[in-house]
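Asks: Kindly return the folded structure for what I paste below:
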Amino acid sequence: MANLKSSKKDIRRIERRTARRKPFARNAKLFPKKLEKLIAQGKTQEAQEFLPLVFKTLDKAAKQNIIHKNKAARIKSRVSKKLYALVSQAS
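Replies: Numbers count the residues shown, from 1 in each chain. Modelled structure (predicted):
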């Protein structure tokens, strides 16, 4: 435990930031997995509607430095590639 007053303030500040950022980190992991599950089940319509939400979530997480911007781009690329492969296969 910190002894200095400023260190105690830092700890409180870190806890507040962590609490504020945690939903973004959780959704950045959860939403692409949900989308991949929809793709695996072959639900193209729901997956296409869910894709912009996944992109938005990843962009917000990258903007707040929760995940790296290249990781967000890589995930977006992979899930969209899978989705469009499924859509072209269904057509």
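
Asks: Quick check: longest helix in the chain by residues?
Replies: Ranked by number of residues, the top helix in the chain under DSSP state H is helix 5-41.

Asks: what comes up buried for the helix or strand that that one is followed by?
Replies: Toward the C-terminus, helix 5-41 is succeeded by helix 44-63 as the next helix or strand (DSSP states H and E). Going by neighbour count (16 or more other Cβ atoms under 10 Å), the buried part of helix 44-63 is Thr44, Ala47, Phe50, Leu51, Val54, Phe55, Thr57, Leu58, Lys60, Ala61, Ala62. Any C-beta I mention is one placed from the backbone N, CA and C, and that applies to glycine too.

Asks: between the residues you listed, which is nearest Arg74?
Replies: Of all the buried residues of helix 44-63, Arg74 sits closest to Leu58, with 9.7 Å by Cβ to Cβ.

Asks: How about the contacts made by the closest residue to the closest one other than its chain neighbours?
Replies: Spatial nearest neighbour of Leu58, chain neighbours left out: Ala72 (4.2 Å); criterion: Cβ to Cβ, 6 or more residues apart in numbering. Listed by Cβ atoms under 8 Å, 6 or more residues apart in numbering, the contact set of Ala72 reads Ala28, Leu58, Asp59, Ala61, Ala62.

Asks: same for the longest helix of the chain, what does it pack against?
Replies: helix 44-63, helix 69-90 (3 or more Cβ pairs under 8 Å, 6 or more residues apart in numbering; DSSP states H and E).

Asks: Compute the inter-axis angle for it and helix 69-90.
Replies: Angle of helix 5-41 versus helix 69-90, following axes from the mean of the first three to the mean of the last three Cα atoms, to 10 degrees, is 10 degrees.

Asks: Which positions within helix 5-41 qualify as buried?
Replies: Phe24, Asn27, Ala28, Phe31, Pro32, Leu35, Glu36, Leu38, Ile39.

Asks: Cool, thanks, talk later.
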